[in-house]
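J.: take a look and give me a structure for this.
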Amino acid sequence: LGINLLIELSKQAAKVLGGSFDIEILEKHHNLKLDAPSGTALMIADGISETLPQEPQYIYDRHTMRRKRTKNEIGIHSVRGGTIVGEHEVIFAGHDEVVTITHQAQSKEVFAVGAVNAAVFLAKQGAGMYSMSDLLADKF
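T.: Predicted coordinates for the structure are as follows:
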């Protein structure tokens, strides 16, 4: 539930701040993880992108570019080390202020809890297609 809440909060923040704040996503996982960026980081970026007036460009590797950051981009950065289960941070950096939204999974148990919550939610619903956003909306 927590990471899905982070996505919803990031979408709301992007609606308010997106035009005047730079957006960066930082994700951290254990040293055995193969993909970078993580699917969750891309899901966060896609959620934010839905709220912006123009489709942003995802920038994964700044060291290959020698230019200033453009307004129409979302930076996505990956860290791999140790036994980090999963950490995601969305940074909205503006003029003289920064807003950060963070989620840290301390164990894989949180994923099972989210799946059980989704199953309980779905058991109460009629036939159809649902997302975790629907589950969150039901809780609020």
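J.: how close does the most centrally placed residue in the chain get to Lys124?
T.: For the chain, the residue nearest the mean C-alpha position is Ile44 (2.8 Å; C-alpha atoms, centre = their mean). As defined by C-beta to C-beta, to the nearest Å, Ile44 lies at a distance of 27 Å from Lys124. C-betas here are computed from N, CA, C, even on glycine.
J.: again, but for Lys139
T.: 12 Å.
J.: pull the CA atoms of stretch 35-54 into CSV?
T.: Extracted C-alpha coordinates of stretch 35-54, given in CSV (Å, rounded to 0.1, in the frame of the first residue of the first chain):
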residue,chain,number,x,y,z
ASP,A,35,17.0,-4.4,-13.6
ALA,A,36,17.8,-0.7,-13.3
PRO,A,37,15.8,1.4,-13.0
SER,A,38,13.3,-0.7,-11.2
GLY,A,39,9.8,-1.2,-12.5
THR,A,40,8.5,0.7,-9.5
ALA,A,41,10.6,3.7,-10.4
LEU,A,42,9.2,3.7,-13.9
MET,A,43,5.7,3.3,-12.5
ILE,A,44,6.2,6.4,-10.4
ALA,A,45,7.6,8.3,-13.3
ASP,A,46,4.6,7.2,-15.5
GLY,A,47,2.2,8.2,-12.8
ILE,A,48,3.8,11.7,-12.5
SER,A,49,3.9,12.0,-16.3
GLU,A,50,0.1,11.5,-16.5
THR,A,51,-0.4,14.7,-14.5
LEU,A,52,2.0,16.9,-16.4
PRO,A,53,0.8,19.1,-19.4
GLN,A,54,3.7,17.9,-21.6
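J.: tell me the buried residues in that stretch?
T.: Across stretch 35-54, burial judged by 16 or more other C-beta atoms under 10 Å covers Pro37, Ser38, Thr40, Ala41, Ile44, Ala45, Gly47, Ile48, Ser49, Leu52.
J.: would you check which pair of those residues lies furthest apart?
T.: Ser38 and Leu52 (21.0 Å; C-beta to C-beta).
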